[in-house]
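S.K.: whatever this is, show me its structure:
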Amino acid sequence: MKLSLSYKLVLGCSLILLGSLSITFYIINERQQQLIIRQAENEARAVFQQIVIMRRWIADHGGVFVEQLPWVQEGPPQQAQSVRSEARRYARKTPAMVTKELVSYAREKGLYWFHITSLQLTNPENAPDAFERTALQRFKQESLHEIIAMESHDGASFLRYISPLYVEDACLSCHEGYSIGDIRGAISVTLPLSKVFAEAAANRTTMFIAMIIQVAFLSSVLLFFLRRLVLAPMNQLSASIHL
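M.R.: Below you'll find the model as predicted:
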């Protein structure tokens, strides 16, 4: 009977401990998920700001000239300008052209990718997808400065970030019919998060296994000391009374 009661006591304590650790584990897990998403949001904002600063610098300097290499395709005829220096030829790149080329570079790396888009297209390659189209419409209708969403495709998770591009003084030379402050389009940034979520899941599994081992160890220690320090003296006392 005493041994049975000891097991019940240890089982009860183990369940209480397991419940407490489970609640703590759940809170930590939710907090970790939120931190991953917040970090991805801040990274997307940083990427967007870097692109905007680069475009502004190029526009303020009237474009940039880069060496026209044989394997690099020239820009559209209306934008293609080139100069020669000795045996080399340099092509003028506008902010839109530089952004387009950086898109392919970013996709090759796979860390993130971005897309310049608009509802009033001059280049079919900049056609918006469903997320971008909805965001562009909301930018025109509402006073929003950014839109963030989570998407899943083929089992992979992505964070989508988009923010509008406003017309500035340097933009008017290339974009006619606009006024300063108008929304010319937007840049969307996509961050793949499957790898980060997979690492977080592996970390959760490790924490769960550690929690189970900890509960089992503490329950064994509790049962050992209960039998050694409580039940054993009680059995000795009961035996001496009966003598």
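S.K.: so who does the spatially most central residue of the chain touch?
M.R.: When the chain is reduced to its mean C-alpha position, the closest residue under C-alpha atoms, centre = their mean turns out to be Ala40, at 3.0 Å. Shown here is Ala40, whose contacts under the criterion C-beta atoms under 8 Å, 6 or more residues apart in numbering are Leu159, Leu191, Leu193, Val196. In short, each C-beta sits where N, CA and C put it, glycine included.
S.K.: quickly note the distance from Met150 to Pro95.
M.R.: Distance of Met150 to Pro95, given as C-beta to C-beta, to the nearest Å: 30 Å.
S.K.: who has more neighbours out of those two?
M.R.: For Met150 versus Pro95, the count of surrounding residues by other C-beta atoms under 10 Å is larger for Pro95: 23 against 11.
S.K.: show me where pLDDT drops low in this structure?
M.R.: Low-confidence segments of the chain, defined by pLDDT under 70, span residues 1-6, 69-87, 110, 168-179, 181, 229-243.
S.K.: can you pull out the helices in it?
M.R.: Listed in chain order, the helices of the chain (DSSP state H) span residues 2-60, 95-109, 130-141, 194-226, 232-242.
S.K.: now those helices as CSV including distance to Gly185?
M.R.: Formatted as CSV, the entries for the helices of the chain read as follows, by distance: least, C-beta to C-beta, whole Å:
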stretch, distance to Gly185
helix 2-60, 11
helix 95-109, 9
helix 130-141, 7
helix 194-226, 28
helix 232-242, 80
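S.K.: circling back to that earlier point, ok, and the closest non-adjacent residue to the residue nearest to the centre of the chain?
M.R.: Closest residue to Ala40 in three dimensions, ignoring its sequence neighbours and counting by C-beta to C-beta, 6 or more residues apart in numbering: Leu159, at 4.5 Å.
S.K.: what's near enough to touch Ala135?
M.R.: With contacts defined as C-beta under 8 Å, 6+ apart, Ala135 is in contact with Pro128, Ile147, Ile162, Ala186, Ser188.
S.K.: does Ala91 really touch Gln68, like I thought?
M.R.: Yes - with contacts counted by C-beta atoms under 8 Å, Ala91 reaches Gln68, the gap being 4.3 Å.
S.K.: out of the helices of the chain, nearest to Asn123?
M.R.: Minimum separation from Asn123 across the helices of the chain (C-beta to C-beta) falls at helix 95-109, 7.7 Å.
S.K.: buried sites along the closest one?
M.R.: Residues of helix 95-109 classed as buried under the neighbour-count rule (16 or more other C-beta atoms under 10 Å) are Pro95, Ala96, Met97, Val98, Thr99, Lys100, Val103, Ala106.
S.K.: which one of those residues is nearest to Arg204?
M.R.: Nearest to Arg204 out of the buried residues of helix 95-109 is Ala106 (C-beta to C-beta; 30.2 Å).
S.K.: pretty sure that closest one contacts Phe114?
M.R.: Yes - look at Ala106 against Phe114 with C-beta under 8 Å: they come within range, at 6.2 Å.
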